[in-house]
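Peer 1: build me a model from this:
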Amino acid sequence: MASKIFPNNEHALERVARVVLGLGVISLAFVGPATPWAWLGVVPLATGLIGSCPLYTVFGFSTRRAGAESTATPG
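Peer 2: This is a model prediction of the structure:
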């Protein structure tokens, strides 16, 4: 069920980049111009950790390598 809502559609390097970017933007809430906009970094952080981008799902797009199978057991 969760794989239909949050399909793994991000490449591993993209996931790492999203997590780093998210943490960098969130750090602006504590260092630098402390504005509430810095909390938008939660979006790339969450999508990077989950491995699924909702916009990719809506538009049927994926950066995940073709043929890369999940290690999870089918359910």
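
Peer 1: tell me what the longest helix along the chain is packed against?
Peer 2: Using DSSP state H, we find that the single longest helix of the chain is helix 12-27. Secondary-structure packing of helix 12-27 (3 or more Cβ pairs under 8 Å, 6 or more residues apart in numbering; DSSP states H and E): helix 42-50. Where you see a C-beta, it was placed from the backbone N, CA and C, and this is true even at glycine.

Peer 1: if I look at residue 15, how far off is residue 4?
Peer 2: Taking Cβ to Cβ, to the nearest Å as the measure, residue 15 falls 20 Å from residue 4.

Peer 1: got it, and residue 66?
Peer 2: 19 Å.

Peer 1: what about the chain, any weak spots by pLDDT?
Peer 2: 1, 67-75 (pLDDT under 70).

Peer 1: if you count neighbours, what's buried in stretch 27-34?
Peer 2: By 16 or more other Cβ atoms under 10 Å, the buried positions in stretch 27-34 come out as 28, 29.

Peer 1: swap in stretch 29-49?
Peer 2: Here stretch 29-49 shows 29, 38, 41, 44, 45, 47, 48 as buried, counting by 16+ other Cβ under 10 Å.

Peer 1: for those, which one is nearest residue 62?
Peer 2: Nearest to residue 62 out of those is residue 47 (Cβ to Cβ; 13.1 Å).

Peer 1: residue 20: how many residues sit nearby?
Peer 2: Residue 20: 13 surrounding residues under other Cβ atoms under 10 Å.

Peer 1: do the same with residue 55
Peer 2: Residue 55 - counted by other Cβ under 10 Å - has 9 other residues nearby.

Peer 1: so who does it touch?
Peer 2: By Cβ atoms under 8 Å, 6 or more residues apart in numbering, residue 55 lies in contact with residue 61.

Peer 1: please report how far residue 65 lies from residue 28.
Peer 2: 32 Å.
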